[in-house]
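Engineer: build me a structure from this.
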Amino acid sequence: MRFSRKNDPMLFKQIALLLAAFLLCFSALADGIRVKSAEFAANDDYRLNAYFEINLNPTLEDALKKGVPLNFVTEFELTRVRWYWFDEKIVDTSWHTKLSYNALTQQYRLSSGTLYQNFDNLSDAVNVMGSLLHRQVINRSALKSGGTYRGKLRMSLDISLLPKPFQIDALASSDWNFSSDWFQWDFVP
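Structural biologist: This next block holds a predicted model:
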């Protein structure tokens, strides 16, 4: 096969299609939740600091714009590592955060319990939702010094709190399965 130096429109179309496919694959990999870091800060008690990278996919952004609130749950487990028996579970807790959009004010609302905060754009709301700071998890006296403990953390979309028609759609579509992997780290008090 010989190539000419003339501009071949078919070759440009093929390159454009390959580039579009690459960008589509890259954007699909970028969607999701990833735990960037997690650590304990010790004072009179142990407080959790964690940072998540959250990239909503187009399906979730569209549902949010249409008035469907998205409820996220952050799960945390703390276990004492034992070599001779099963690990002892010390803490098993979760926190709920709701992200919603108000079409009248054109603002995003992030709420947790009775506390809420409004944002002008989605990226600011998602960045704040991805920062878990100074969350008390356990008193300092409850942990034995010298023992090894393992923290596990993840965040996911709680599809059980979606409106019923969306719950059915969530079962059939992978776009609604929006979760991070478990992030684990060990520490010694």
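Engineer: got the contact list for residue 31?
Structural biologist: 55, 56, 57 (CB atoms under 8 Å, 6 or more residues apart in numbering). Heads up, the C-betas are built off the backbone N, CA and C, glycines and all.
Engineer: out of those residues, who has the most neighbours?
Structural biologist: Each of the contacts of residue 31 was scored by neighbours using other CB atoms under 10 Å; the highest score is residue 56's, at 20 neighbours.
Engineer: look up how far residue 157 lies from that residue.
Structural biologist: As judged by CB to CB, to the nearest Å, residue 56 and residue 157 stand 9 Å apart.
Engineer: name the residues contacting each of the two.
Structural biologist: residue 178.
Engineer: and the strands in this structure?
Structural biologist: If DSSP state E is used as the criterion, the strands of the chain fall at 32-42, 45-55, 70-80, 88-102, 107-112, 115-119, 131-139, 149-157, 183-187.
Engineer: turn those into a markdown table, columns for mean pLDDT and distance to residue 163.
Structural biologist: Written out in a markdown table, the entries for the strands of the chain read as follows (pLDDT from 0 to 100; distance: least, CB to CB, whole Å):
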| stretch | mean pLDDT | distance to residue 163 |
| --- | --- | --- |
| strand 32-42 | 90 | 22 |
| strand 45-55 | 92 | 22 |
| strand 70-80 | 94 | 11 |
| strand 88-102 | 93 | 12 |
| strand 107-112 | 95 | 17 |
| strand 115-119 | 95 | 20 |
| strand 131-139 | 87 | 27 |
| strand 149-157 | 93 | 13 |
| strand 183-187 | 91 | 30 |
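Engineer: would you reformat these as TSV and include distance to residue 171?
Structural biologist: As requested, these are exported to TSV (distance: least, CB to CB, whole Å):
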stretch	distance to residue 171
strand 32-42	19
strand 45-55	23
strand 70-80	17
strand 88-102	21
strand 107-112	26
strand 115-119	30
strand 131-139	29
strand 149-157	13
strand 183-187	26
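Engineer: of the ones you listed, which is nearest residue 172?
Structural biologist: Closest of these to residue 172 is strand 149-157, at 15.3 Å (criterion: CB to CB).
Engineer: what about the residue sitting nearest the centre point of the chain, distance to residue 58?
Structural biologist: By CA atoms, centre = their mean, the mean C-alpha position of the chain lies nearest to residue 33, the distance being 3.4 Å. To residue 58, residue 33 is 16 Å away according to CB to CB.
Engineer: check residue 112 too.
Structural biologist: 25 Å.
Engineer: so between these two, which is more surrounded?
Structural biologist: A count of neighbours by other CB under 10 Å puts residue 112 above the other of residue 112 and residue 58, at 14 against 10.
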